[in-house]
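1. The sequence and its predicted three-dimensional model are supplied below.
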Amino acid sequence: MLAIRTILFLSLIMTMLTPAIVRADFPDVDQLSDRADLPDPLVMLDGTPVRTAGEWREKRRPELIKLFEWYMYGAAPAAPKFTAHVDSEHEVLGGKARMKQVTITFGPAGHESDGQIHLLLFVPAVQKKPAPVLLGLNFRGNHMVIAHPAIRLPTLWMPNGPGMENNRATEAGRGLEAPHWGLDQAIDRGYAVATFYHGDVKLDKPTWDDGVPALYFQSGQSAPGDHEWGTIAAWAWGLSRTVDYLVSDPDIDGKRIAVFGHSRNGKTALLAGALDERFALVIPSQAGCGGTSPSRGTVGESVERINTAFPHWFNATFKKFSRATSKLPFDQHCLIALVAPRPVLLTNATGDQWANPSGQFEMLKAAEPVFKLLGAEGCGAGTLPPENELVNTHLGYFIRPGKHDMSQVEWKQWLDFADKQLPK
Ligand code: GCU
């Protein structure tokens, strides 16, 4: 009797310690039916139609979130407690902005201070009221975003490239990526900008011995379980941890937080915006496969290719779809639909067919019925718009000539879109 009680007690403790993994059980991949066409976002997995905004909210939205977690991105744990410390403040950009470095510290029981995000935040120096903010990940460290000697040099592994030596940041890297950041434009127009290196949460490597996910492993575990978070879900979770802080920062309007990201960081921005309704506006830029372009698409990067080149971005279950995308019970329009009724803007480049810009437009259009059901405007264009013409409707789209890049042109569109679409 005592032994049974002890076992029950221990299993209760284990349940409490286990991260919030998805409890739902969905069919094995080979038991899913083939759908060459797009699954209808307004039909439940069992075929029941979704007719009202209430049914979407109560039934279909939670189901789709679980489906994406189960089959593709993996589930992340619940938000842990955190502390935040403003490490420094400097005047920058000729005095028109204040730059704050903030360390956000968090972690699961036993690792409360082992998770850290080093946030770099720029706020307009003159503010009549708290500023809206654009929050996005960076690829290679905060010090690259603007040349300033006070920015802490990251000590973590970084992908090699200009300004790096043996996969570590160097002084030479300061400001190297400034041309890709629209800090001047954003500050001039009254926006704050926030960023952190995605490696703070998880290095972009197919190994699992670093970062936040490892803090959550059970003893003996060395990689996430089949339905637990991959790297993109971990990064998206990190963006939400940053929101935990931002809503308490008096310089920031917590009701006007936009999330943006380029490429892999754009895939992450969409997932973060889909899951966390505190993001008031979502801008995945040139996000492509695994983000805004159809998994069933035939242009550019395929699911098989992304699963091979970047196996860590998604969960283990997603690999089973590499040659069976028609079995996916959703496509990426359903992820866009999860943002509804909040606004979404997809920005693209004609020279970036790897990210399938026209397939992305199809995803945007296919998400429309959900936005309309919730009483929001759809997309103002019926066909792929011409280059350099921002479709500035609730579901927005923009394509420019040129290659895969985050440029001043994108920033201008993002700000035009935010001016019109962020809640006032
Ligand atoms: C690769 C990858 C894309 C990704 C891109 C990036 O090209 O195939 O899926 O979006 O890197 O993040 O820059």
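-> Now that the structure is in, tell me what you want to look at.
2. and the closest residue to residue 338 other than its chain neighbours, how many residues sit next to it?
-> Leaving aside its chain neighbours, residue 338 sits nearest to residue 274 (3.7 Å; criterion: Cβ to Cβ, 6 or more residues apart in numbering). To be clear about C-beta, it is placed using only N, CA and C from the backbone, and glycine gets the same treatment. By other Cβ atoms under 10 Å, 25 other residues sit near residue 274.
3. Residue 167 too?
-> Per other Cβ under 10 Å, the neighbour tally for residue 167 reads 12.
4. Report the buried residues of stretch 158-169.
-> Residues of stretch 158-169 classed as buried: 158, 163, 164, 169 (neighbour count, 16 or more other Cβ atoms under 10 Å).
5. Distance check, the residue nearest to residue 338 against the ligand.
-> Using Cβ to the nearest ligand atom, to the nearest Å, one gets 17 Å for the distance from residue 274 to the ligand.
6. Quick one: low-confidence residue ranges for this structure.
-> Scanning the chain for pLDDT under 70 picks out 1-24.
7. mind listing the helices for it?
-> 2-17, 53-55, 61-68, 183-188, 211-215, 231-246, 264-275, 303-309, 332-337, 357-373, 408-421 (DSSP state H).
8. The closest residue to residue 322 other than its chain neighbours and residue 350, how far apart?
-> Once flanking residues are discounted, residue 322 sits nearest to residue 304: 4.0 Å by Cβ to Cβ, 6+ apart. Distance from residue 304 to residue 350, counting by Cβ to Cβ, to the nearest Å: 25 Å.
9. Check residue 83 too.
-> Applying Cβ to Cβ to residue 83 and residue 350 gives a distance of 46 Å.
10. what does the stretch 201-350 of the chain have sitting close to the ligand?
-> When proximity is defined as Cβ under 6 Å from any ligand atom, the stretch 201-350 of the chain approaches the ligand at 263, 264, 288, 289, 301, 306, 309.
11. Mind checking which of those are buried?
-> The neighbour-count test (16+ other Cβ under 10 Å) applied to these identifies 263, 264, 288, 289, 301, 306 as buried.
12. thought the last one was touching residue 289?
-> Yes - Residue 306 is in contact with residue 289 according to Cβ atoms under 8 Å; the separation is 4.9 Å.
13. what are the ranges of the strands in the stretch 51-200 of the chain?
-> For the stretch 51-200 of the chain, the strands defined by DSSP state E, counting those that start in this stretch occupy 82-92, 97-106, 115-124, 131-138, 164-165, 168-169, 192-197.
14. Take the ones you listed and write them to JSON lines, including distance to residue 346.
-> Converted to JSON lines, these look like this (distance: least, Cβ to Cβ, whole Å):
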{"stretch": "strand 82-92", "distance to residue 346": "31"}
{"stretch": "strand 97-106", "distance to residue 346": "28"}
{"stretch": "strand 115-124", "distance to residue 346": "25"}
{"stretch": "strand 131-138", "distance to residue 346": "15"}
{"stretch": "strand 164-165", "distance to residue 346": "31"}
{"stretch": "strand 168-169", "distance to residue 346": "31"}
{"stretch": "strand 192-197", "distance to residue 346": "20"}
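15. Just list the residues touching the closest residue in space to residue 141 that isn't next to it in sequence, thanks.
-> Spatial nearest neighbour of residue 141, excluding adjacent residues (Cβ to Cβ, 6+ apart): residue 154 at 4.3 Å. Residue 154 makes contacts with 118, 141, 142, 143, 169, 197, 199, as judged by Cβ atoms under 8 Å, 6 or more residues apart in numbering.
16. Which pair of those spans the longest distance?
-> By the measure Cβ to Cβ, 143 and 199 form the most distant pair in the contacts of residue 154, at 12.9 Å.
17. of these two, who's got more company?
-> Of the pair residue 143 and residue 199, residue 143 is the one with more neighbours under other Cβ under 10 Å, namely 26 against 23.
18. any idea how far residue 419 is from that one?
-> Going from residue 143 to residue 419 by Cβ to Cβ gives 30 Å.
19. cool, and residue 364?
-> Residue 364 is 20 Å from residue 419, by Cβ to Cβ.
20. So for these two, which sits in the more crowded spot?
-> Set residue 364 next to residue 419 and count neighbours by other Cβ under 10 Å: residue 364 wins out with 23 against 13.
21. how much space between the more buried one and the ligand?
-> Per Cβ to the nearest ligand atom, residue 364 is found 18 Å from the ligand.
22. What of residue 366?
-> For residue 366, the distance to the ligand (Cβ to the nearest ligand atom) stands at 20 Å.
23. Residue 161 too?
-> Taking Cβ to the nearest ligand atom, one finds residue 161 at 12 Å from the ligand.
24. excluding its backbone neighbours, what's nearest residue 376?
-> Looking at residue 376 with Cβ to Cβ, 6+ apart, the closest residue is residue 341, at 3.7 Å.
25. With residue 366 instead?
-> In space, and not counting its chain neighbours, residue 366 is closest to residue 333: 3.6 Å by Cβ to Cβ, 6+ apart.
26. before we move on, what about residue 377?
-> For residue 377, ignoring the flanking residues on the chain, the nearest one in space by Cβ to Cβ, 6+ apart is residue 394 at 3.9 Å.
27. number of nearby residues for that neighbour?
-> Residues lying near residue 394 (other Cβ under 10 Å) number 22.
28. same thing with residue 219?
-> 4.
29. Let the chain start at 34 from now.
-> Sure, I'll start numbering at 34, so the last one becomes residue 252.
30. Just list the residues touching residue 74, thanks.
-> Neighbouring residues of residue 74 by Cβ under 8 Å, 6+ apart: 93, 97, 363, 366, 367, 370, 399, 400, 402, 403.
31. and residue 233, what does it touch?
-> 149, 150, 151, 189, 244, 271.
32. Apply 7 Å and report the result again.
-> Applying Cβ atoms under 7 Å, 6 or more residues apart in numbering, we find residue 233 in contact with 149, 150, 151, 271.
33. State the distance from it to the ligand.
-> The value you get for residue 233 to the ligand, if Cβ to the nearest ligand atom is used, is 17 Å.
34. same thing with residue 93?
-> Counting by Cβ to the nearest ligand atom, the gap from residue 93 to the ligand is 28 Å.
35. Run a quick neighbour tally on the residue lying closest to that residue once chain neighbours are set aside.
-> Closest residue to residue 93 apart from its sequence neighbours, by Cβ to Cβ, 6+ apart: residue 83 at 4.6 Å. Per other Cβ under 10 Å, the neighbour tally for residue 83 reads 22.
36. Could you check how far the residue nearest to residue 410 is from residue 85?
-> Distance of residue 427 to residue 85, given as Cβ to Cβ: 20 Å.
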